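Trainee: quick one, structure for this:
(2 chains)
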Amino acid sequence: MSIVEGPTVKGETKKSGVSVREAGTLHTTGRFKDLERAVMCKWCQWIQATPSSTAIRESVYMYPIIESVHVLALCVFVGLVAILDLRLVGASMTESSVTDVQERLFPWTMIGFGLMVASGALLFWSNPIRFYGNIFFRIKALLLLVAGANALIFHRTVFRSVNRWDHDRMTPWRARMAGCVSLVLWTAIVITGRLIAYNWFD
Amino acid sequence: MSLLAFFQWCEATRIGATIRGSVVLFPVIESVHLVALALIGGAVIVVDLRFLGYGLTHLPLRRVARNASPWLIGGVTVMFLTGIPLFLSEATKCYFSPAFWVKMAALAAAILFSVTVRSRVAAADRAGPASLKLTGLVSLCLWLTVGVAGRVIGFY
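Mentor: So this is what the prediction gives:
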């Protein structure tokens, strides 16, 4: 990844709409690329140069430890989200109301979420230039946004009338849909997250 | 045949050689392995929290356990289906990796504990609070060891 090599990239951006992958740069082109370099790449370079970033990057144990915490937090968060999704789909815990599953598991889900975000942020902090340029990281970031949007839409729409179907084994189709979409998205997020470790397209 | 010779034979199998020879196979199988880990995580944690007196306390313990068990069994099945090919691709490395042996021991203990003590305590649902907490704690610790040791195999 050569977003550090500012000067060599500059000439390439004039080729608007042309892929400049050969130059080892990011795949975006045109105006967006100028903006990207001005904001995101500078930002990544700034993080990469901080003493804390260097410390994690150069330590033998820090990265593996943080990564292990990330994987375990994933078990808690994604695992418990999956239980709720399975309830929405009608595939598990159907003897309980939806809100009971959601509310009773919520604090534990949030502990997992907090650990996952904190450890994930530290992993990114340790080598932002590499992560930012990694295609799997970008796909994962996008999928995370979609998963967030899915949860938000679910809570703002069909979940508002939960009182009417809280105890139903068969929830409304929009709730089942939200559960399915969430299961698929989190599966994809775990897979792309693991693949960030490989630099096939860097 | 010594154990090491058996591991070397595993590594020489066609499946092992195919995965070793491919750039994408190992990462892809490993990713699915990780998805199954998350599923096991959910199915184990939701029941063990109930053992400890947290989470789905409005349901009887045996119902929580019964609802979670197909997902635990499914997750463990996917784990074996993906874990065995991963092992075949680097069996000799595993033989010399302490983390691998820790993981196998913890996995055997976790499965044994689940099908004997844990499932019986859950089905009977009349153990004292101390026994319940101990059961949940032992189960969580065993599965935690499986997860951490599994991650460490990748580092050394």
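Trainee: and what about A:M170, helix, strand or coil?
Mentor: Recorded secondary structure, A:M170: coil (DSSP: H, G, I helix; E, B strand; the rest coil).
Trainee: can you get me a residue count around it?
Mentor: Residues within reach of A:M170, counting by other C-beta atoms under 10 Å in any protein chain shown, total 11. C-betas here are computed from N, CA, C, even on glycine.
Trainee: does the lowest-mean-pLDDT helix or strand in chain B come close to chain A?
Mentor: Here the helix or strand of chain B ranked lowest by mean pLDDT, DSSP states H and E is helix B:119-124, holding a mean of 90. No. Contact of helix B:119-124 with chain A (C-beta under 8 Å from any C-beta of the partner chain) is absent, the minimum separation being 14.6 Å.
Trainee: buried set for that helix?
Mentor: The neighbour-count check on helix B:119-124 (16 or more other C-beta atoms under 10 Å in any protein chain shown) flags B:S119, B:V121, B:A122 as buried.
Trainee: ditto for stretch A:168-188
Mentor: Across stretch A:168-188, burial judged by 16+ other C-beta under 10 Å covers A:171-172, A:175-179, A:181-183, A:185-188.
Trainee: stretch B:127-147 now?
Mentor: Buried residues in stretch B:127-147, counting neighbours by 16+ other C-beta under 10 Å, are found at B:127, B:132, B:134-136, B:138-140, B:142-147.
Trainee: cool, stretch A:118-131 as well?
Mentor: For stretch A:118-131, a neighbour-count test (16+ other C-beta under 10 Å) marks A:S119, A:G120, A:L122, A:L123, A:F124, A:W125, A:S126, A:N127, A:P128, A:I129, A:R130, A:F131 as buried.
Trainee: about what we covered before: and which of the buried residues of helix B:119-124 is nearest to A:R164?
Mentor: Distance to A:R164 across those (C-beta to C-beta) is lowest for B:A122, with 32.6 Å.
Trainee: was I right about that closest one contacting B:D48?
Mentor: No. If you go by C-beta atoms under 8 Å, B:A122 and B:D48 don't touch, sitting 10.2 Å apart.
Trainee: from chain A, how far out is the closest residue to B:L137 other than its chain neighbours?
Mentor: Leaving aside its chain neighbours, B:L137 sits nearest to B:L52 (7.0 Å; criterion: C-beta to C-beta, 6 or more residues apart in numbering or on different chains). Distance from B:L52 to chain A, counting by C-beta to the nearest C-beta, to the nearest Å: 11 Å.
Trainee: equivalent analysis for B:Y54, please.
Mentor: For B:Y54 relative to chain A (C-beta to the nearest C-beta), the value is 7 Å.
Trainee: in the chain, which spans are helices?
Mentor: I'll assume chain A. All helices of chain A, identified by DSSP state H, fall at A:6-12, A:30-36, A:42-49, A:51-58, A:62-89, A:98-126, A:128-133, A:135-156, A:162-165, A:173-195.
Trainee: the chain in question should be chain B.
Mentor: Going by DSSP H, chain B shows helices at B:3-12, B:14-21, B:25-52, B:61-89, B:91-95, B:98-113, B:119-124, B:129-153.
Trainee: which residues does the fifth one contact?
Mentor: The set of residues that contact helix B:91-95 without belonging to it, under C-beta atoms under 8 Å, 6 or more residues apart in numbering or on different chains, is B:L3, B:L4, B:F7, B:Q8, B:C10, B:E11, B:G16, B:F87, B:F100, B:I153.
Trainee: same question, the last one
Mentor: By C-beta under 8 Å, 6+ apart, the list of residues contacting helix B:129-153 from outside reads A:64, A:67-68, A:71-72, A:75, B:37, B:40-41, B:44-45, B:47-53, B:61, B:94, B:97, B:99-100, B:102-103, B:106-107, B:109-110, B:113-114, B:117-118, B:121, B:127.
Trainee: tabulate the helices of chain A (CSV), appending distance to B:S31.
Mentor: Rendered in CSV, the data for these read as follows (distance: least, C-beta to C-beta, whole Å):
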stretch, distance to B:S31
helix A:6-12, 32
helix A:30-36, 28
helix A:42-49, 25
helix A:51-58, 24
helix A:62-89, 12
helix A:98-126, 17
helix A:128-133, 17
helix A:135-156, 10
helix A:162-165, 34
helix A:173-195, 4
